[in-house]
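> Curious how this folds, go ahead:
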Amino acid sequence: MSVALLSFVVCGLPTRKISFRLDFCLTYVSVIFAYASPFLLKSLTRELSFTSHQAEADVRHLWFGRRAATRLRVELMAAIYAKALKRQDYSGTVDKDKVKKAANKKAGIKPVENSTSDDPKAGADSME
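Okay, the predicted model is just below:
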């Protein structure tokens, strides 16, 4: 029996060396991962917190930009509507003098007191 046991020990030695080496390497890797997991979690948390700050800044930037664009659009629309509502409707007016008076009134032009100033011959008679 001792020869069989000896031959088993001698023949099984290379396979046991591989097993022991494999067991040692896997144990070493397991220990490294066991100690590295808190470090990796910390670095992952730090990265996610940075990403969340960046994402929050992007969201705020988009919100403020949209708010400014909406305010500008509202102001432009109000100015356009105000200008459109200030216009006077001349579509029913037939008399050209009324249209001219209404346009002059809108522009702030006062009517001329001397009616002879429009007539070129009126001034020529008074000079002679």
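> So residue 88, which state does it fall into?
coil (DSSP: H, G, I helix; E, B strand; the rest coil).
> can you give me the helices in this protein?
Counting by DSSP state H, the chain has helices at residues 2-86, 96-107, 120-127.
> Mean pLDDT and mean neighbour count added to those, as JSON lines?
In short, each C-beta sits where N, CA and C put it, glycine included. Compiled in JSON lines, the helices of the chain are given as follows (pLDDT from 0 to 100; neighbours: other CB atoms under 10 Å):
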{"stretch": "helix 2-86", "mean pLDDT": "81", "mean neighbour count": "10"}
{"stretch": "helix 96-107", "mean pLDDT": "74", "mean neighbour count": "11"}
{"stretch": "helix 120-127", "mean pLDDT": "54", "mean neighbour count": "8"}
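> Distance check, residue 42 against residue 36.
Distance of residue 42 to residue 36, computed by CB to CB, to the nearest Å: 10 Å.
> let me fix that: residue 84
Remark: distance between residue 84 and residue 36 (CB to CB) = 70 Å.
> Over to residue 65?
Residue 65 sits at a distance of 42 Å from residue 36 (criterion: CB to CB).
> Check residue 28 too.
Taking CB to CB as the measure, residue 28 falls 12 Å from residue 36.
> Repeat that for residue 69.
48 Å.
> same question, residue 23
Distance check for residue 23 against residue 36: by CB to CB, it reads 20 Å.
> Could you do residue 50 as well?
Relative to residue 36, and taking CB to CB, residue 50 is found at 20 Å.
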